[in-house]
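Student: Below are the sequence and a predicted model; questions follow.
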Amino acid sequence: MPASPCTPSSIFKGQKVFFESGQSRDPAYCHDRLKKLAKQLERRSEEALLALHSDLGKPALEAWLAEIHFVQADLKHCLRNLRRWHKPERTRNPFYFWPARSEIRREPFGQVLIASPWNYPLQLSLSPLVSAVAAGNCVALKPSEYAPATSSFLADLIASVFDPGHVSLIEGGPATGAHLLELPFQFFCYTGGEKTGRLYAEAGAAHLAPVILELGGKCPCLIDNGINLKRAAERIVSGKFFNAGQTCIAPDFVALPSALHDEFLHYAESEIRSCYGTAPRPDLARIINHVHYQRLLDLLPPDALSIGEDEPGDLALAPRLLPDTSWNSPPMQEEIFGPLLPIVPYDTLDEALNRIRELPAPLALYVFSNDRQRSEMIAASLPSGAVCFNDVMKTGTNHFLPMGGLGRSGMGRYRGRAGFENFTYQRPVTRRWLGKDPFLVKAPYHGKLERLRKFLRS
């Protein structure tokens, strides 16, 4: 086939031909490609670390753990289970179907568009891609233009593993993204902000295609009385300031009884100083660009507690604790997505629950309590994509659990088995044989209705 310019339209047409050939639906072929991807990612992990540091200043440990190891674990889990996931599921038949065999087959949708964000540009590109490829789809991957070094690395990595008809990476900005949304993909998967997520939802509606949206939101961290506050502060700080707070499932704010405010503030400040010290801070990632840097500065109240100094030239923002934050303050009106942690005191638990219920359902809810019944009551009162008790971010990093939001924090799920199932649809299949059929329903119907009613009631 003659080469054509690598435009979104030409890539879409090439993938349509590839999908119709049936090659992407062959489990053995999928297994082989994903196995090669795992080997290439392992071999080129140092390149990936350099790209991630170039884009976000990610500490090597954070980058390796959250991006490279995470995807490798995703691949390993998928490769172990791929053939079993593809096997049809036998089902029973009503007796009046006999003799018959029925089953449910998992079928790929076809051509999938995956758009990934800048905060975890490797993980959030490859993790949904693994699910989509395992399911038998062809994929057009659009990474964020805000992480150019990682995007370039991914382009080379994808080209070294996949036929372009199977998987292609498309680089570009908003105009490229808008062009892609005009193409009739059979499935759309987007991770990022709510505003752009709505465009993907609209594209799904326009093309009558399913959509997975992972949008984030203000993930609450609700603290109850009677817990080990020092240990809670340790876990919250660890999760909040990982990747400088630029994580969709990071605890966005802490709500706690007023009597615990000062003690928690003390433990949290001590923990931040112990982890990050003051400038320079090699273990704290930088903010992605000047727009987000200034947005975070604009959220700061006058009494914000800064641990260290900012380094604007390097887009390094010092960790901040925002004591005595009110529910109506500017930091509580949007997802923070940075190294700022508001601490919101409450007088009664009912007050806190009512206030959190006024916020859109978050991607994750974190509850710290020693009372299991009380914890379950809180979880039942506050809708969210996921719930984690006495820790943060664990549900989002477990390959055996689905990942996804609710309402304005997203829709649909992926990761592991959930990813395979969401990138496929259930196709019911029944096989019968052409023998005599005593249950055949055919005209004329005169006098048969009453006999049929009695027969099917028995």
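Tutor: Now that the structure is in, tell me what you want to look at. Numbering: from 1, shown residues only.

Student: Check which helix or strand Ala380 maps to.
Tutor: Using DSSP states H and E, the element containing Ala380 is helix 372-381.

Student: All the strands of the stretch 151-300 of the chain, residue numbers only.
Tutor: Using DSSP state E, counting those that start in this stretch, the strands of the stretch 151-300 of the chain run over residues 167-169, 187-191, 211-214, 220-223, 253-257.

Student: on that earlier part again, model confidence over the helix holding Ala380, on average?
Tutor: The average pLDDT within helix 372-381 is 95.

Student: Output that helix as PDB, nothing but the C-alphas.
Tutor: Only the C-alpha atoms of helix 372-381 are listed here, as PDB (Å, rounded to 0.1, in the frame of the first residue of the first chain):
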ATOM      1  CA  ARG A 372     -15.800   0.900  61.000                       C
ATOM      2  CA  GLN A 373     -19.500   1.500  61.200                       C
ATOM      3  CA  ARG A 374     -19.000   5.300  61.200                       C
ATOM      4  CA  SER A 375     -16.600   4.900  58.200                       C
ATOM      5  CA  GLU A 376     -19.200   3.000  56.200                       C
ATOM      6  CA  MET A 377     -21.900   5.600  57.100                       C
ATOM      7  CA  ILE A 378     -19.600   8.400  55.800                       C
ATOM      8  CA  ALA A 379     -18.900   6.400  52.600                       C
ATOM      9  CA  ALA A 380     -22.600   5.800  52.100                       C
ATOM     10  CA  SER A 381     -23.400   9.500  52.600                       C
END
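
Student: The helix or strand just after it pairs with which strands, parallel or anti?
Tutor: Once the chain leaves helix 372-381, the next helix or strand it forms, by DSSP H and E, is strand 387-389. Using DSSP bridges, strand 387-389 pairs in its sheet with strand 365-368 (parallel).

Student: Just name the most buried of the strands of the stretch 151-300 of the chain.
Tutor: strand 187-191 (a mean of 27; mean count of other Cβ atoms under 10 Å). Yep, even glycine has a C-beta here, placed from its N, CA and C like the rest.

Student: re earlier: out of the strands of the stretch 151-300 of the chain, flag the one nearest Gly239.
Tutor: strand 220-223 (8.6 Å; Cβ to Cβ).

Student: just to revisit the earlier point, which neighbouring elements make contact with the helix holding Ala380?
Tutor: helix 349-357, strand 365-368, strand 387-389 (3 or more Cβ pairs under 8 Å, 6 or more residues apart in numbering; DSSP states H and E).

Student: Could you check how far the helix or strand harbouring Arg453 is from the centre of its chain?
Tutor: Using DSSP H and E, Arg453 falls within helix 449-457. A distance of 51 Å separates the centroid of the chain from that of helix 449-457, by Cα atoms, centre = their mean, to the nearest Å.

Student: likewise stretch 432-451?
Tutor: Distance, centroid of stretch 432-451 to centroid of chain: 51 Å (Cα atoms, centre = their mean).

Student: residues in contact with that stretch?
Tutor: Contacts of stretch 432-451 with the rest of the structure, by Cβ atoms under 8 Å, 6 or more residues apart in numbering, involve 96-97, 99-100, 452.

Student: For this protein, give me the ranges with low pLDDT.
Tutor: 1-5, 279, 458 (pLDDT under 70).

Student: so what are the domain limits for it?
Tutor: The record's domain parsing of the chain by automatic domain parsing lists 8-215+408-427, 220-400.

Student: and the end-to-end length of the shortest one?
Tutor: Think domain 220-400. Separation of the first and last residues of domain 220-400 by Cα to Cα, to the nearest Å is 23 Å.

Student: Run the chain-centre distance for that domain.
Tutor: With Cα atoms, centre = their mean, you get 20 Å for domain 220-400.

Student: try the longest one
Tutor: For domain 8-215+408-427, the gap between its own C-alpha mean and the chain's C-alpha mean amounts to 11 Å (Cα atoms, centre = their mean).

Student: Now do the SS call for Asp437.
Tutor: Using DSSP: H, G, I helix; E, B strand; the rest coil, the secondary structure recorded for Asp437 is coil.

Student: Kindly apply the preceding question to Tyr425 instead.
Tutor: Assignment for Tyr425 (three-state DSSP): strand.

Student: who's in contact with the closest residue to it other than its chain neighbours?
Tutor: Nearest residue to Tyr425 in three dimensions, chain neighbours excluded: Glu107, at 5.7 Å (Cβ to Cβ, 6 or more residues apart in numbering). Residues near Glu107 by Cβ under 8 Å, 6+ apart: 25, 136, 424-425, 427.

Student: Out of those residues, grab the one that's most surrounded.
Tutor: Neighbour counts for the contacts of Glu107 (other Cβ atoms under 10 Å) peak at Gly136, which has 24 neighbours.

Student: if we can go back for a sec, any chance of CSV for the domains of the chain, columns distance to Leu434?
Tutor: Output for those, formatted as CSV (distance: least, Cβ to Cβ, whole Å):
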stretch, distance to Leu434
domain 8-215+408-427, 11
domain 220-400, 45
